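# I need the structure of the sequence given here:
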Amino acid sequence: MDFKDLKSKGVPELIVSYFQNRNITKLNSAQEKAVKAGLLEGNNMLVCTPTGSGKTAIATILIGKNLEAQPGSKIVYLVPLKALASEKLREYKEVFKDTKYRVAMSIGDIDSNSAWLENYDVIIMTVEKMDSLIRHHCPWLPYVTTVIVDEIHLLNDVSRGPTLEVLLTILRQILKKVQIVALSATIGNAGELAEWLDASLVADNWRPVKLYKGVYLFGKVEFDE
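Numbering: from 1, shown residues only. Next up is the predicted model:
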């Protein structure tokens with residue numbers, strides 16, 4: 001499937017051009033599976049593919065489509081780490097530069113409702129920050145139509161997993177029509193998690209660089225045949 005074919009599904013030209021300008025003209029197998037599984041029709045989705053296989057592109061396609069299709073809506077991109085939040089901020093500022101859409105990052109000040117974020121369309125934040133905003137009754141929360149959850153396998157993390165689990169449970173209760181797309185490179189119980197999220201499961205083993213497995217011993221590496 002070509003990226004240009006996504007325009008017939010509501011993906012705006014600015015998203016298609018963003019990838020084409022980077023010489024990316026075709027969707028890879030995981031991205032095509034996601035589209036066919038209802039990514040652009042509002043379905044919740046759990047995407048489990050290797051590192052570097054284009055999961056962020058899946059999120060970007062959806063973000064662009066939903067911003068265009070639902071004027072005034074907001075997209076929340078949840079990440080587990082502040083460093084990852086900064087990386088996504090740079091990336092999405094590049095995606096939406098010279099457009100009407102504004103991108104912001106919020107990772108601190110957990111004792112505020114951060115009302116200033118109402119002026120932004122794509123909001124990148126840590127799980128803890130989003131949890132704080134809910135408890136402080138942030139005024140723009142009802143405008144959130146899409147939530148991207150990066151590194152969702154951290155649900156299994158002893159210290160941070162419970163916060164993420166409770167957060168997703170609450171979001172699904174207070175935002176009845178929210179679309180949740182969760183991304184992970186490694187997760188053991190993908191089917192069970194997809195069922196909990198009422199999500200379609202997109203799993204794929206394609207990776208841009210072949211992975212070789214071997215054993216290093218005394219300065220030599222022996223790879224599997």
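# Tell me if I'm right that residue 77 and residue 124 touch.
Yes. In this structure, residue 77 is within contact of residue 124 by Cβ atoms under 8 Å, at 4.6 Å. Yep, even glycine has a C-beta here, placed from its N, CA and C like the rest.
# joint contacts of these two?
Shared contacts of residue 77 and residue 124, defined by Cβ atoms under 8 Å, 6 or more residues apart in numbering, are found at 88, 92.
# In the protein, which residue is most central in space?
Nearest residue to the geometric centre of the chain (Cα atoms, centre = their mean): residue 148, 3.5 Å.
# Next, count neighbours for residue 121.
20 (other Cβ atoms under 10 Å).
# Same check on residue 71?
Neighbour tally, residue 71, other Cβ under 10 Å: 8.
# ok, now residue 14?
Using other Cβ under 10 Å, residue 14 has 17 neighbouring residues.
# From the contact counts, what lies against the helix or strand harbouring it?
Counting by DSSP states H and E, the element that carries residue 14 is helix 13-20. For helix 13-20, the packing partners by 3 or more Cβ pairs under 8 Å, 6 or more residues apart in numbering; DSSP states H and E come out as helix 55-69, helix 82-95.
# These into TSV, with extra columns for mean neighbour count and distance to residue 33?
Formatted as TSV, the helices and strands packed on helix 13-20 follow (neighbours: other Cβ atoms under 10 Å; distance: least, Cβ to Cβ, whole Å):
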stretch	mean neighbour count	distance to residue 33
helix 55-69	22	9
helix 82-95	16	22
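# Looking at those helices, which is nearest to residue 101?
Taking Cβ to Cβ, helix 55-69 is the member of the helices and strands packed on helix 13-20 nearest to residue 101, at 5.9 Å.
# Let me know the average pLDDT across the closest one.
Helix 55-69 shows a mean pLDDT of 95 in the predicted model.
# quick one: the very next helix or strand once past that helix to chain centroid distance?
Per DSSP H and E, the first helix or strand lying C-terminal to helix 55-69 is strand 74-79. Centre-to-centre, strand 74-79 and its host chain are 7 Å apart (Cα atoms, centre = their mean, to the nearest Å).
# related to what we said a few turns ago, reformat the helices and strands packed on helix 13-20 as a markdown table; add distance to residue 137.
As requested, these are exported to a markdown table (distance: least, Cβ to Cβ, whole Å):
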| stretch | distance to residue 137 |
| --- | --- |
| helix 55-69 | 24 |
| helix 82-95 | 23 |
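# of all those, which lies closest to residue 224?
For these, proximity to residue 224 was assessed by Cβ to Cβ; helix 55-69 is nearest, at 26.3 Å.
# Which residues does that closest one contact?
The set of residues external to helix 55-69 that reach it, using Cβ under 8 Å, 6+ apart, is 6, 9-12, 14-15, 18-19, 24, 30-31, 34-35, 39-40, 47, 49, 73, 75, 77, 88, 91-92, 95, 101, 121-122, 145-146, 148, 150, 179, 181, 183, 185.
# cool, and stretch 129-148?
So stretch 129-148 is contacted by 59, 62-63, 66, 70, 72-78, 106-108, 110-115, 117-118, 125, 163, 166-167, 170-171, 174-175, 177-183 (Cβ under 8 Å, 6+ apart).
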